[in-house]
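Student: Sequence first, then the predicted structure:
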Amino acid sequence: MSIPTLSEGPITIRPIRLRDARRLERELLDNRGWLRRWEATSPHGVGSFDVRGSIRNLLAHARAGLGLPFVMEYDGHFAGQLNVSSIQWGSVSSATIGYWVSEKFAGKAVTPTSVALATDYCFFQLGLHRIEICIRPENEPSLRVVRKLGFRYEGLRRRYIHIDGDWRDHFCFALVSEEVPTGVLSRWLNGKAPADAAHVPDADLRAAAVDHVAD
């Protein structure tokens, strides 16, 4: 499956390439303190830090039609990664989006713009029906992304992903294509994203807080 290059203003998402490995490794190391608490880890022990191997794996998934691995750029500068993963076709027609942004580009609308671009491509070019984003309850910057874009809250997933050394709760947000007939990006830029769609009920906030204290 081909990976497109998509842009809005100074922000671009483009296919990741093997030659990005050195720059990607440098950004990950430079942003270690910023990213560590949100990084997926292995429940079976310490994983290897093999950036080229990771890129090869992402590209293999893309060739199999299972993912779209992107680099996020701001004015041509490497700003982070966005991956459309777990693509399912047929009667499900869904995918999951995950991302990280370099600390120096935080607050420049890189992530919400990139998520909107990728979601619109998945809906209107690939014909997918549902896009999901799962976020740790403590990850306020990521929660701001789904609030801005009007992703709809769907529920608390207990001990969902192994992050920073343990199984962590996640809040799940999603959109289906019928909800955004004019596109996610257009709806957001025109100020029409529903302000309360990503609202997390108090019961789930309390449940996640109790779990966090228990950790």
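Tutor: Thanks, I have the structure now.
Student: residues in contact with stretch 29-49?
Tutor: Applying CB atoms under 8 Å, 6 or more residues apart in numbering, the external contacts of stretch 29-49 come out as 25, 28, 100, 102-103, 136, 138-139, 142, 161-165, 167. (Glycine included, C-beta is placed from N, CA and C.)
Student: let's see 10 Å
Tutor: 25, 27-28, 51, 54, 80, 98, 100-104, 106, 135-136, 138-139, 141-142, 161-168 (CB atoms under 10 Å, 6 or more residues apart in numbering).
Student: and the most centrally placed residue in the chain, what element?
Tutor: Centre of the chain computed as the mean C-alpha position; nearest residue by CA atoms, centre = their mean is Gly98, 2.2 Å away. Assigned by DSSP states H and E, Gly98 belongs to strand 94-101.
Student: likewise Ile3?
Tutor: Using DSSP H and E, Ile3 falls outside every helix and strand.
Student: what sits against it?
Tutor: Per CB under 10 Å, 6+ apart, neighbours of Ile3: 13-17, 58-59, 62-63, 67-70, 84, 121.
Student: nearest spatial neighbour of it, skipping sequence neighbours?
Tutor: Nearest residue to Ile3, sequence neighbours excluded (CB to CB, 6 or more residues apart in numbering): Pro15, at 3.7 Å.
Student: That neighbour against Val71, yeah?
Tutor: Yes: if you go by CB atoms under 10 Å, Pro15 and Val71 touch, sitting 7.4 Å apart.
Student: okay, Trp167: pLDDT?
Tutor: Turning to Trp167, the model gives it a pLDDT of 89.
Student: no no, Ala116
Tutor: So Ala116 comes in at 98 (pLDDT).
Student: if we can go back for a sec, list the residues that contact both of Pro15 and Val71?
Tutor: What both Pro15 and Val71 touch, as defined by CB under 10 Å, 6+ apart, is the set Thr5.
Student: of the two, who's got more company?
Tutor: Just comparing Pro15 and Val71: by other CB atoms under 10 Å the higher neighbour count belongs to Val71, 21 against 16.
Student: my read is the more buried one is in a strand, agree?
Tutor: Yes: per DSSP: H, G, I helix; E, B strand; the rest coil, Val71 lies within a strand segment.
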